[in-house]
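Asker: quick one, structure for this:
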Amino acid sequence: MNLHKMLLQRQADGRPVTVGVVGAGKFGTMFLAQARTTAGMHVVAVADLNVARAKSQLKMASWPDEQSAATSLDDALKNGSTFLTNDTEAMIRHPAIEVIVEATGDPKTGIRLCMAAINNGKHVVMVNVEADALAGPILARKAEAAGVVYSLAWGDQPALVCEHVDWAKAAGFRIVSAGKGTRYHPTYHASTPDTVWSILDRYMKFRDEDRGSINPKMFNSFVDGTKSGIEMTAICNATGLHSQTEGLSFPPATRFEVAEICKPKSAGGVLEKAGVTEVTSSVYRDGTDVPHNLVMGTYVVFEATQDNDYSRRCFVEYSMLPDKTGQYAALYRPIHMIGLELGISVASAALRREATGAPICFNSDVVATAKRALKAGEMLDGEGGFCVWGKQTPAAASLEKGYLPLGLSHDVKLKRDIPEGQRLLWDDVEFDATDLAVRTRREMEAAFSRPNTTA
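Answerer: Residues are numbered from 1 along each chain as shown. Down below sits the predicted model:
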């Protein structure tokens with residue numbers, strides 16, 4: 001509430017919220033499409049390794065050429081235009097930029113740039129949920145110590161679920177489960193960038209001319225279960241919810257069955273306990289589609305206290321999508337608009353100094369898990385690749401057993417054979433202990449050695 005009013009005041013004062021965007025991919029471009037028409041917000045610069053591609057992306061996002069014609073950061077600030085650059089560090093260092101949007105999608109890059117932004121007194125909107133899943137709790141702690149905001153990205157599902165959870169808790173309800181929908185089948189865990197098209201073509205109608213611009217490795221991370229594990233980990237660490245022992249089970253469910261299915265087994269559902277994340281599937285195990293599914297949506301399942309019969313009666317009276325017993329109820333959002341909604345996070349960070357979701361603990365992790373039998377000497381290729389997928393795992397188990405975080409499973413060599421389906425260990429790979437991402441992750445493991453340690 002009132003963010004638009006606050007933005008208008010900044011505009012009237014001649015002090016629009018100044019933003020630097022890193023990465024002109026899909027998410028970044030969607031944000032830029034809306035930022036151009038958001039009163040009180042000024043995208044000072046867009047940093048991308050390929051400036052020509054960034055220019056093309058802006059044109060696709062309906063930007064007039066003159067809007068991105070600034071010759072420097074200072075020129076952009078003076079004339080209200082936007083500077084396109086491949087010098088991300090210089091953009092982050094500029095004192096006039098308030099908020100950095102990190103939208104590269106690479107966890108190591110995300111950690112490095114987030115640290116640079118914090119060290120330069122910038123608020124960070126971490127679109128890069130891969131980096132958040134790898135080291136978000138320690139990054140949020142560092143941001144707080146520096147007096148800046150570290151925030152998940154509104155419009156992406158983790159931030160929306162955090163809002164669901166906050167709403168339910170603030171209304172006095174007990175959280176049973178929270179999560180999202182996706183398209184899932186057990187066979188998808190073996191999907192690779194070469195085979196993913198057979199799955200994508202069943203429900204996404206790509207034109208032939210579009211295929212060349214699509215990154216199959218990125219799309220495969222959504223299909224093989226990895227992205228779900230990453231996003232549910234971000235939610236757990238930002239809300240205090242927990243991972244189930246074996247991670248996500250992806251039960252098929254319509255949006256109207258969520259409260260019936262995403263409740264504990266002891267109450268007739270599929271969860272091992274209350275207070276966890278789960279992702280529902282839009283595909284039945286026989287391969288047929290679930291009607292009225294929640295494939296692009298988010299949800300929370302909640303309950304009133306045991307001594308509150310009145311509230312449970314209201315669940316039914318006001319059509320709160322209760323389960324058959326009336327004890328549990330659900331709230332869902334059918335869609336998410338990713339980058340088109342990101343301005344909410346930018347405005348909230350700059351104007352309220354408030355995150356739209358941020359890690360408060362280390363309850364959940366995402367662990368590299370073998371897609372097939374792997375051989376010693378192989379080079380792993382990380383998220384969405386041919387070797388591993390990301391399995392959500394309780395942080396306590398990850399720390400105890402020394403599991404390898406998914407975000408550090410790219411371009412590392414295996415030291416021993418790994419059977420299909422086994423979670424990898426740090427000791428299974430050769431890694432560079434001096435690497436910034438490795439050091440940051442190790443620092444987080446030491447700082448949050450006991451799950452539920454808050455930031």
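Asker: all strands of the stretch 101-250 of the chain, in order?
Answerer: The residue ranges that make up the strands of the stretch 101-250 of the chain, judged by DSSP state E, counting those that start in this stretch, are 123-126, 150-152, 174-182.
Asker: let me have those strands in a markdown table, adding distance to residue 426 and mean neighbour count as columns.
Answerer: Using the backbone N, CA and C atoms, a C-beta is placed for each residue, glycine as well. Putting these into a markdown table (distance: least, CB to CB, whole Å; neighbours: other CB atoms under 10 Å) gives the following:
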| stretch | distance to residue 426 | mean neighbour count |
| --- | --- | --- |
| strand 123-126 | 24 | 30 |
| strand 150-152 | 26 | 29 |
| strand 174-182 | 28 | 25 |
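Asker: could you dump these to CSV with mean pLDDT and distance to residue 222?
Answerer: What follows is the strands of the stretch 101-250 of the chain, written out as CSV (pLDDT from 0 to 100; distance: least, CB to CB, whole Å):
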stretch, mean pLDDT, distance to residue 222
strand 123-126, 98, 19
strand 150-152, 98, 18
strand 174-182, 98, 7
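Asker: among those strands, which is nearest residue 22?
Answerer: With CB to CB, the closest approach to residue 22 among those belongs to strand 123-126: 10.0 Å.
Asker: so which elements touch that closest one?
Answerer: Contact analysis of strand 123-126 by 3 or more CB pairs under 8 Å, 6 or more residues apart in numbering; DSSP states H and E lists strand 99-102, helix 107-119, helix 129-146, strand 150-152 as its packing neighbours.
Asker: now render those as CSV, adding distance to residue 324.
Answerer: Compiled in CSV, these are given as follows (distance: least, CB to CB, whole Å):
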stretch, distance to residue 324
strand 99-102, 44
helix 107-119, 42
helix 129-146, 35
strand 150-152, 34
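Asker: follow-up on the earlier one: any chance of the strands of the stretch 101-250 of the chain in CSV, plus distance to residue 300?
Answerer: As requested, the strands of the stretch 101-250 of the chain are exported to CSV (distance: least, CB to CB, whole Å):
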stretch, distance to residue 300
strand 123-126, 22
strand 150-152, 16
strand 174-182, 4
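Asker: among the ones you listed, which is nearest residue 231?
Answerer: strand 174-182 (6.8 Å).
Asker: picking that back up, looking at the strands of the stretch 101-250 of the chain, which is closest to residue 357?
Answerer: For residue 357, the closest of the strands of the stretch 101-250 of the chain is strand 150-152, at 3.7 Å, according to CB to CB.
Asker: contacts for that closest one?
Answerer: Surrounding strand 150-152, the residues in contact under the criterion CB atoms under 8 Å, 6 or more residues apart in numbering are 114, 118, 123-126, 129, 132, 136, 139-140, 142-144, 158-159, 162, 234, 238, 345, 348-349, 355-359.
Asker: and stretch 180-192, by the same measure?
Answerer: Contacts of stretch 180-192 from elsewhere in the structure, counted by CB under 8 Å, 6+ apart, are 157, 161, 199, 203, 220, 222-225, 227-228, 231-232, 250, 253, 255, 279-283, 285, 287, 293-299, 369, 371-372, 385-386, 389.
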